[in-house]
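Novice: sequence isn't available, so here's the structure alone:
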């Protein structure tokens, strides 16, 4: 009812926010004017931008057996950290990157001095840039590194810093240091006029992933367990090509002989299965205990005696 009254409908977001082309086209003139008025050289013009790096990212392709139709998919890891990159227009000053992660000291760096790494390591609750962290980075990292660079280049310490208009970048950075002029890019223009987004960040990620995967491949080739697994897989494939024996393929795994599969386990001899346990001779089971001769049991009391059958030669007669 609310959607009917308000004239709204449900819809999904499509694509990204389009860039502001008007502001993107007009800002280069503003930047040139700032550079000319300040008298900045290429060594004194700096730009910084942050990106996300999925450090557990796996390859999109791999090698499989010729018998397999396709490679089984795996769930992509979402572990990431943020990286803030800073460089100048001349390209000879690549400042130490700022890495932001969820943990102050990961397990892999147990016992290591985090201040001696080749990056500035910082921690936030979710691994993203914050306002307080941008203030700390500006005071402790950027100003000190820029001052040291200008001293080595024998250049007067007066620089300009261009950065995007992100909420995490504190607005009070403007005018925070007398020798650093901070200029924010217009909103929704990063993809068009951000210098670090012009394939610089993409190349950094490419080199990082290439280094990690090459190191993984070299370490994997050294392991003896991987070689043993490969030999086991190859031997099993050869056995599958030969096929199992014909006699064993027709016999179920629970029975060793096909002829005994229908025989109950309590009876192994079919001839004795129908015989009661108290009688082992069927000829004497139906005769009364007082008469063991079948001829006497069948004659009535007043009838003449039945003729006597002579015994075979060599066999004594019952009357004897």
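Specialist: In hand now; what should we look at? Small disclaimer: the values here were computed from a predicted structure and weren't measured. Numbers count the residues shown, from 1 in each chain.

Novice: rest of the way, CA atoms for contacts and neighbours
Specialist: Fine.

Novice: so after whichever strand or helix holds residue 36, what's the next helix or strand?
Specialist: Per DSSP states H and E: residue 36 is located in helix 21-38. Tracing the chain past helix 21-38, the next element assigned as helix or strand by DSSP H and E is strand 45-53.

Novice: which other helices and strands does that following strand contact?
Specialist: strand 81-88, strand 159-163 (3 or more C-alpha pairs under 8 Å, 6 or more residues apart in numbering; DSSP states H and E).

Novice: what strands flank that strand, and is each parallel or antiparallel?
Specialist: For strand 45-53, the paired strands and their directions (DSSP bridges) are strand 81-88 (antiparallel), strand 159-163 (parallel).

Novice: these two touch, right, residue 205 and residue 51?
Specialist: No. With contact defined as C-alpha atoms under 8 Å, residue 205 does not count as touching residue 51 (9.6 Å).

Novice: quickly note the distance from the residue nearest to residue 118 when sequence neighbours are not counted to residue 184.
Specialist: Leaving aside its sequence neighbours, residue 118 sits nearest to residue 96 (C-alpha to C-alpha, 6 or more residues apart in numbering; 6.7 Å). Distance of residue 96 to residue 184, computed by C-alpha to C-alpha, to the nearest Å: 21 Å.

Novice: tell me which of the two has more neighbours.
Specialist: residue 96 (17 against 14; other C-alpha atoms under 10 Å).

Novice: looking at this, the more buried one is in a helix?
Specialist: No. Assessed by DSSP: H, G, I helix; E, B strand; the rest coil, residue 96 does not belong to a helix; its assignment is coil.

Novice: could I get the contacting residues of it?
Specialist: Residues in contact with residue 96 (C-alpha atoms under 8 Å, 6 or more residues apart in numbering) are 85-86, 118-120.

Novice: angle of the top helix by length along the chain against strand 81-88?
Specialist: As assigned by DSSP state H, the longest helix anywhere in the chain is helix 200-222. Going by axes from the mean of the first three to the mean of the last three C-alpha atoms, to 10 degrees, helix 200-222 is angled at 130 degrees with respect to strand 81-88.

Novice: now do helix 200-222, average pLDDT.
Specialist: Regarding helix 200-222, the rounded mean pLDDT is 84.

Novice: ok, now stretch 37-50?
Specialist: 94.

Novice: for it, how far is the first residue from the last?
Specialist: 28 Å.

Novice: which ones are touching residue 92?
Specialist: Applying C-alpha under 8 Å, 6+ apart to residue 92 gives the contacts residue 43.

Novice: oh, that last question was meant for residue 145, not what I typed.
Specialist: Taking C-alpha under 8 Å, 6+ apart, one finds residue 95 in contact with residue 145.

Novice: for residue 288, report the pLDDT, please.
Specialist: You'll see residue 288 listed with a pLDDT of 47.

Novice: hang on, the earlier thing: and the furthest pair within the contacts of residue 96?
Specialist: Using C-alpha to C-alpha, the two most remote members of these are 86 and 118, lying 14.0 Å apart.

Novice: now do the shared contacts for the two.
Specialist: Contacts common to residue 86 and residue 118, judged by C-alpha under 8 Å, 6+ apart, are 96-97.

Novice: the two: which is more packed in?
Specialist: residue 86 (21 against 10).

Novice: show the pLDDT at that one.
Specialist: For residue 86, pLDDT reads 95.

Novice: how near is it to residue 214?
Specialist: With C-alpha to C-alpha as the criterion, residue 86 and residue 214 are 26 Å apart.

Novice: thinking again about what came up before, out of the strands paired with strand 45-53, the one nearest residue 124 is which?
Specialist: That would be strand 81-88 among the strands paired with strand 45-53, by C-alpha to C-alpha, at 10.2 Å.

Novice: give me the contact list for that closest one.
Specialist: Applying C-alpha under 8 Å, 6+ apart, the set of residues contacting strand 81-88 is 42-55, 93-102, 127-129.
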